[in-house]
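Asker: Structure here, sequence nowhere to be found:
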């Protein structure tokens with residue numbers, strides 16, 4: 001069993017991340033006016049999803065490292081890798097399969113059948129839709145019927161990267177320590193390569209030529225959107241930042257405790273940095289770089305906040321509040337199913353935007369959001385946790401997955417895809 005200390009602030013932070021994504025979506029879906037008629041400034045005000053997703057992936061890197069870095073890799077690397085992936089998939093798939101089933105039913109009932117939809121569905125069942133650049137009916141995975149499940153595909157690839165790293169660098173191998181330095185050096189080169197691809201169209205075109213596009217060609221904008229926002233090959237930066245924060249917390253906890261005021265101030269400054277990133281579009285004469293730099297900067301700020309996750313600060317007390325911890329607990333279902341909840345409120349679909357409609361927009365978002373929370377809580381209690389418990393009972397009946405030094409962990413307050421943090425920064 002996991003013996004990690006309880007860190008409720010991380011569960012609360014996961015709830016905040018879910019809210020950032022939901023606010024961005026409901027600001028469009030719950031609009032009482034023609035959504036395309038809203039002013040650009042209002043669009044910026046509700047453009048919070050990029051911060052929510054950066055938080056999710058940084059949180060995921062933190063919790064996976066925090067809980068699984070000591071998982072029997074040195075004794076049974078292959079068996080530990082199998083157990084690790086089984087535990088992660090058992091956490092994600094009960095709710096994911098129900099989500100996919102509901103989307104498929106909605107698709108067949110409300111829309112006409114599209115050629116190739118069955119193959120598109122299969123990609124989502126296998127959770128591989130973001131691993132290569134694919135589109136369906138000209139839409140990327142985050143734009144189509146299955147929408148938010150793209151992050152689960154990216155998350156699973158990041159789990160595979162983590163397992164590969166843990167296996168290669170374990171002390172089971174003679175050159176495990178050497179692999180650590182080699183991977184660190186390769187990581188630095190990878191950062192330069194991503195930056196080069198972003199600023200050199202010719203290099204990016206050469207890169208595109210190496211990748212298959214089995215479902216049709218992508219536009220230039222879609223290529224950048226896939227690689228820099230959706231794919232695990234860019235999100236690994238966010239994940240790694242969170243993993244580094246977890247490594248520091250695990251290895252240097254006495255120093256974090258001794259110099260807690262300094263790290264508390266660093267977390268507060270990181271929060272100020274996040275606010276500055278959000279306000280930047282409203283500030284005059286401020287250079288706005290590529291959106292990828294914004295998402296990486298946000299992940300870096302969240303990683304700094306994670307360093308202080310065990311501190312007794314005002315920020316942590318807020319994040320540990322009962323309401324945010326509750327939202328964090330149900331955040332996976334809230335994240336997955338909030339697009340499927342019926343919209344409630346007052347709507348004039350043919351009316352252009354007017355400032356007087358903003359209070360109605362907020363009312364629509366609040367009442368629809370409350371309904372989404374109720375629905376998510378039901379899915380959490382009826383699907384997520386029962387499904388996880390049933391699947392994890394298979395571990396004790398599967399000799400190949402048994403292994404000493406690979407704890408099963410706890411099940412309550414389990415993490416969300418794109419963010420895996422639980423009550424003990426663990427769900428096993």
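Answerer: Great, that's in hand. Everything quoted here is computed from the prediction, not taken from an experiment.
Asker: what ranges do the helices span in the stretch 151-300 of the chain?
Answerer: 176-199, 201-209, 220-225, 232-251, 253-258, 260-279, 291-307 (DSSP state H, counting those that start in this stretch).
Asker: Using TSV, please lay out those together with mean neighbour count and mean pLDDT.
Answerer: C-betas here are computed from N, CA, C, even on glycine. Output for the helices of the stretch 151-300 of the chain, formatted as TSV (neighbours: other Cβ atoms under 10 Å; pLDDT from 0 to 100):
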stretch	mean neighbour count	mean pLDDT
helix 176-199	13	87
helix 201-209	12	91
helix 220-225	15	93
helix 232-251	21	95
helix 253-258	12	85
helix 260-279	16	93
helix 291-307	22	93
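Asker: between the ones you listed, which gets nearest to residue 369?
Answerer: Proximity to residue 369, assessed across the helices of the stretch 151-300 of the chain by Cβ to Cβ, is greatest for helix 260-279 (19.6 Å).
Asker: quick one: that closest one to helix 232-251, angle?
Answerer: Taking axes from the mean of the first three to the mean of the last three Cα atoms, to 10 degrees, one finds helix 260-279 and helix 232-251 inclined to each other by 160 degrees.
Asker: what's the angle from helix 260-279 to helix 291-307?
Answerer: Using the same axes, to 10 degrees: helix 260-279 against helix 291-307 is 150 degrees.
Asker: Tell me how far helix 260-279 lies from the chain's centre.
Answerer: Relative to the chain's own centre, helix 260-279 is displaced by 21 Å; criterion: Cα atoms, centre = their mean, to the nearest Å.
Asker: Please list the residues outside it that contact it.
Answerer: Contacts to helix 260-279, defined as Cβ atoms under 8 Å, 6 or more residues apart in numbering, come from residues 48, 51, 256, 294, 297-298, 301-302, 304-305, 307-308, 311-313, 315.
Asker: what's the farthest-apart pair in those?
Answerer: Checking the contacts of helix 260-279 with Cβ to Cβ, the most distant pair is 294 and 312, at 30.8 Å.
Asker: What are the buried residues along the longest helix along the chain?
Answerer: Using DSSP state H, we find that the single longest helix of the chain is helix 77-110. By neighbour count on 16 or more other Cβ atoms under 10 Å, the buried set for helix 77-110 is 77, 79-96, 98-100, 103-104, 107.
Asker: how much distance is there from it to the middle of the chain?
Answerer: 15 Å.
Asker: Which strands and helices lie in contact with that helix?
Answerer: helix 117-126, helix 150-168, helix 331-337, helix 385-393 (3 or more Cβ pairs under 8 Å, 6 or more residues apart in numbering; DSSP states H and E).
Asker: So what does residue 76 look like in phi/psi?
Answerer: phi -140, psi 70 (degrees, to the nearest 10).
Asker: All good on my end, thank you.
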